[in-house]
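Visitor: Quick one, what's the 3D model for this:
(one chain, ligands or ions: 1)
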Amino acid sequence: MQETPFFVPRLPWRDIIAPNGSPLPEGAAAFGAALRDTGFAVITGAPFRGDLLETNYRLMREVFDRGAERLQEECSHPEIGFQRGYMPTRTEFGLRCGGDPDDKEVMAFGSYHNVGVAAVPGYLDAAQQYYAACQDVGYALMHALALYLDPVGSERGYLLGLFRDGDGRRIDDSHMRHIRYPGTAKRMACEHTDSNMLSLLPAATSRGLEVRDTRGRWIPVETEEGDLVVNAGDMLNFISGGKILSTLHRVENRFNDPTRFRHSMPFFYHPDHTQELKILDSCATEPAERRMFPHSSITGYALLYELLSSYKVIPPEVSLGQWQASMEHLKEYGF
Ligand SMILES: [Fe+2]
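Guide: A predicted model of the protein is given here:
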C-alpha cells in the first residue's frame with residue numbers, strides 16, 4: 001500500500017488534546033494519519049494517573065496468583081463467552097495460527113455488571129477506575145478522529161453519539177482485560193486484528209507486541225513506561241470506509257523464562273452496540289480495497305457477532321439473535 005518505511009509514530013498527547021479535553025486540529029491530523037498509514041500510534045503523556053496503572057498491575061498479579069482452579073470456581077462465566085471475570089489459558093483460538101489456542105489468562109471487565117475477586121480487596125474498584133479513565137481517553141481520541149475523518153463537521157455528532165448520549169453520559173459497550181502470559185508460552189497472542197473502534201494499551205510489563213507492516217514483515221512496537229499504544233480496530237476501518245487500517249498484530253514470547261510472566265491491560269473502546277454503524281459520508285470515496293467488510297451499514301451487535309464468530313468466541317450454534325439477547329440480558333439484569 002504505502003512505499004515509505006513503516007514505523008509507528010510517537011505523538012505527544014498534549015499535541016492532540018488540549019487541557020480542556022478538546023482536540024487540536026494539527027495533532028488530530030497527525031493522529032489520524034498515523035492510523036491511516038499503520039493502524040497504530042504510540043502516545044506519550046496520556047492523562048492516566050500513574051498510581052492507577054501500578055495498582056492495577058499489582059492487584060492483577062495477586063488475582064492471577066490465586067491459581068486457575070480457584071478463579072474458575074470464583075468468577076468464570078463461559079456462558080457469556082468470558083465477557084466478564086476469569087478466562088483460563090488456552091481458551092481463545094487464533095485461527096491464523098492453525099487453530100492453536102493462545103497461552104494467556106484473562107480477567108475481563110465491561111461497562112456494567114462486573115465481577116471482582118472477594119479475596120483481593122480493592123481489585124474490582126481499581127479495575128473500574130482504570131476502565132473509566134480509558135473511557136475518557138478513548139472519547140477524547142475519537143473526538144480527534146472525528147475532526148480528521150469529517151473535516152466539514154456534519155457527522156461528528158453521529159460519530160461521538162455512538163459513545164456518549166446527548167447529556168454526555170457514557171453509553172459505550174467497551175471491554176477491558178487484565179492479561180497474564182506465562183513466560184513459557186509457545187505463543188502469547190496469535191496474530192489478529194481488534195474488533196472494536198480503538199484499542200488503548202498502556203506499556204506492558206515486558207516487550208513482545210509486534211505489528212505487521214504492509215509488506216508482511218513483523219515490526220516490534222517499542223514502548224517506555226508511561227507510553228500508551230493506540231491502535232484502530234475493525235469497526236473504525238468500517239466506518240472510515242477503509243481510510244483507517246485495522247492492522248494485524250501479535251504478542252511474541254521474547255523472554256522464555258519459566259519464572260516470569262508478562263502482564264498487560266488492553267482497553268477495547270466499543271460503541272453502543274444497539275446503534276447502526278455506517279460508513280461516514282466523508283469517507284465514502286475511499287478506495288474499496290482497504291475495506292474489510294462489504295456492508296454499507298450494520299448494527300454494532302451484528303458486526304461484532306460476525307467478528308467474534310470468526311474467532312470462535314461465539315460458537316456456530318449460537319445465532320445472532322440468541323447472542324444479542326444474552327448480551328442485552330446481561331446489560332439489563334446482570335447474571
Ligand atoms: Fe489486539
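
Visitor: hmm, who's touching the strand or helix carrying residue 53?
Guide: Element membership of residue 53, judged by DSSP states H and E, is helix 50-64. Helix 50-64 is touched from outside by 71, 105, 107, 117, 120, 122-123, 126-127, 129-130, 133, 178, 180, 202, 205, 226, 261, 263, 265, with contacts defined as Cβ atoms under 8 Å, 6 or more residues apart in numbering. C-beta coordinates here come from the backbone N, C-alpha and C atoms, glycine included.

Visitor: Counting only strands, which of those residues make the cut?
Guide: The strands, defined by DSSP state E, take in 105, 107, 178, 180, 202, 261, 263 from those.

Visitor: quick one: contacts for the residue nearest to the last one when sequence neighbours are not counted?
Guide: Taking Cβ to Cβ, 6 or more residues apart in numbering, and ignoring the residues beside it in sequence, residue 263 has residue 205 as its nearest neighbour in space, at 4.5 Å. Listed by Cβ under 8 Å, 6+ apart, the contact set of residue 205 reads 57, 261-264.

Visitor: Let me know the pLDDT of residue 205.
Guide: On the pLDDT scale, residue 205 is placed at 83.

Visitor: what's it sitting at in phi/psi?
Guide: In terms of degrees, to the nearest 10, the main-chain angles of residue 205 are phi -80, psi -10.

Visitor: how much space is there between residue 186 and residue 94?
Guide: Look at residue 186 and residue 94: by Cβ to Cβ, to the nearest Å, they are 11 Å apart.

Visitor: What segments of the stretch 51-200 of the chain are helices?
Guide: 68-75, 123-149, 156-160 (DSSP state H, counting those that start in this stretch).

Visitor: Mind putting those helices into CSV with distance to residue 41, mean pLDDT and mean neighbour count?
Guide: Converted to CSV, these look like this (distance: least, Cβ to Cβ, whole Å; pLDDT from 0 to 100; neighbours: other Cβ atoms under 10 Å):
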stretch, distance to residue 41, mean pLDDT, mean neighbour count
helix 68-75, 34, 96, 15
helix 123-149, 9, 98, 21
helix 156-160, 18, 96, 16
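
Visitor: hmm, back to that, the helix holding residue 53: which residues count as buried?
Guide: By neighbour count on 16 or more other Cβ atoms under 10 Å, the buried set for helix 50-64 is 52-53, 55-57, 59-60, 63-64.

Visitor: cool, stretch 24-35 as well?
Guide: By neighbour count on 16+ other Cβ under 10 Å, the buried set for stretch 24-35 is 24, 27-32, 34-35.

Visitor: got the contact list for the residue lying closest to residue 302 once chain neighbours are set aside?
Guide: Nearest residue to residue 302 in three dimensions, chain neighbours excluded: residue 320, at 6.1 Å (Cβ to Cβ, 6+ apart). Contacts for residue 320 (Cβ under 8 Å, 6+ apart) come out as 301-302, 305.

Visitor: Now flag whichever of the residues you listed is closest to residue 324.
Guide: residue 301 (4.7 Å; Cβ to Cβ).

Visitor: after the helix or strand the closest one falls within comes which helix or strand?
Guide: Using DSSP H and E, residue 301 sits within helix 300-310. Once the chain leaves helix 300-310, the next helix or strand it forms, by DSSP H and E, is helix 320-333.
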